[in-house]
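Student: Quick one: sequence plus predicted model below, questions after.
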Amino acid sequence: MSDASALLHPGAPDSPVILHIPHSSRAIPADVRAGILLDDRALEGELDHITDSHTAQIAAGAAEAARVTPWRFENRLSRLVVDPERFPDEREEMLARGMGAVYTRTTHRDALRPADFDGRPLIERYFHPYAQAVTDMVEERLEAVGRAVIIDVHSYPAKALPYELHGDGPRPPVCIGTDAFHTSPALLEAARQAFAGFGGTGLDSPFAGTYVPLRYYGRDARVGALMVEIRRDLYMSEPGGPAGPGLGALAGALASLVEWATR
């Protein structure tokens, strides 16, 4: 991408697996920062809550451990710039929380941007190029090996935050997000087995679904997808603290899922 807001880490030519890391960064360009209402201290606190800290390291560790290196697509900007996994229009249910593709509210429902803020320039500058880059990456994997498997790498807090729409449900150590069309029973079972050693897995709670580029979503069964949501107390101090020893074990578990998906 021309503005370097995302980074592609190439994998093995014969790997169908794409590790997608959309929410691991805290970086906000200065001109975007100028449109955020929070002072610096409050912004750092919000980044502690909203960032999927250390997930890029988990994905990198998995890529290094896997016998066939997966491809990685890493967002280098904070989701407070744009959230590439939201719909950019009224289809997005998180608009009800002021958290569509461009957030206007914080995790605690406070104002993040002015009420009359126009997010369209950010959508054009960041969201659409990011979506196109992921689409191109999937297309390349389909052309190279005939299939693609997108594994979304996320984390979530042990205790629900006020912005969550479904925060009253189970919060298992590892939540597996699925899609009826793109998540096969075999892929789901492989994920359950890979993460079985962390105290249990759950399904689509507190976060559900997968990320698939719209060109392929619900249309192309050659694109498999699954979301891995890791509860943060497994590997880090909350909120926003350093990683602990659990990070390496989680990277190893993700590597085993990558290896299954590569077969």
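Tutor: Nice, thanks for sending it over.

Student: nearest residue to H49 other than its sequence neighbours?
Tutor: T107 (4.4 Å; Cβ to Cβ, 6 or more residues apart in numbering). Quick note: C-beta positions are derived from backbone N, CA and C, even for glycine.

Student: Tell me, please, where in this protein the pLDDT is lower than the cut-off.
Tutor: Where the chain drops to pLDDT under 70, the residues are 1-3.

Student: What distance do you get for the spatially most distant residue from the centre of it to R86?
Tutor: No residue in the chain sits farther from the centre than D116, which is 27.9 Å out by Cα atoms, centre = their mean. From D116 across to R86, the span is 20 Å (Cβ to Cβ, to the nearest Å).

Student: returning to that earlier point: helix/strand/coil for the residue farthest from the centre of the chain?
Tutor: With DSSP: H, G, I helix; E, B strand; the rest coil as the basis, D116 sits in coil.

Student: how about it, phi and psi?
Tutor: Backbone torsions of D116, given as degrees, to the nearest 10, read phi -100, psi 20.

Student: Distance check, it against P29.
Tutor: According to Cβ to Cβ, D116 stands 21 Å off from P29.

Student: Then P173?
Tutor: For P173, the distance to P29 - Cβ to Cβ - is 35 Å.

Student: More neighbours: which of these two?
Tutor: Counted by other Cβ atoms under 10 Å, P173 and P29 do not tie: P173 has more neighbours, with 20 against 14.

Student: Can you pull out the residues in contact with stretch 84-96?
Tutor: 22-23, 75, 99-101, 123, 126-128, 130-131, 134, 152, 165, 211 (Cβ atoms under 8 Å, 6 or more residues apart in numbering).

Student: make it 6 Å
Tutor: Outside stretch 84-96, the residues that touch it by Cβ atoms under 6 Å, 6 or more residues apart in numbering are P22, G100, A101, I123, F127, Y130, Y211.

Student: neighbour-wise, which of those residues leads?
Tutor: A101 (24 neighbours).

Student: Find the helix or strand that that one is a member of.
Tutor: For A101, there is no host helix or strand (DSSP states H and E).

Student: check contacts around it.
Tutor: Contacts of A101 by Cβ under 6 Å, 6+ apart are V82, D83, R86, P88, I123, F127.

Student: The same query, at a cut-off of 7 Å, please.
Tutor: Residues in contact with A101 (Cβ atoms under 7 Å, 6 or more residues apart in numbering) are V82, D83, R86, F87, P88, E92, G119, I123, F127.

Student: so L37 touches A111, yeah?
Tutor: Yes. Counting by Cβ atoms under 7 Å, L37 does reach A111; the two are 5.5 Å apart.

Student: Can I get the helix or strand containing A261 in CSV, CA atoms only?
Tutor: Following DSSP H and E, one finds A261 within helix 246-262. Extracted in CSV, the C-alpha atoms of helix 246-262 (Å, rounded to 0.1, in the frame of the first residue of the first chain):
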residue,chain,number,x,y,z
GLY,A,246,1.8,-17.3,27.6
LEU,A,247,2.6,-15.6,24.3
GLY,A,248,5.0,-18.3,23.1
ALA,A,249,2.6,-21.1,23.9
LEU,A,250,-0.2,-19.3,22.0
ALA,A,251,2.1,-18.8,19.0
GLY,A,252,2.8,-22.5,19.0
ALA,A,253,-0.9,-23.4,19.1
LEU,A,254,-1.5,-21.0,16.2
ALA,A,255,1.3,-22.6,14.3
SER,A,256,-0.3,-26.0,14.7
LEU,A,257,-3.5,-24.6,13.3
VAL,A,258,-1.6,-23.0,10.4
GLU,A,259,0.0,-26.4,9.7
TRP,A,260,-3.3,-28.1,9.6
ALA,A,261,-4.7,-25.5,7.2
THR,A,262,-1.7,-25.8,5.0
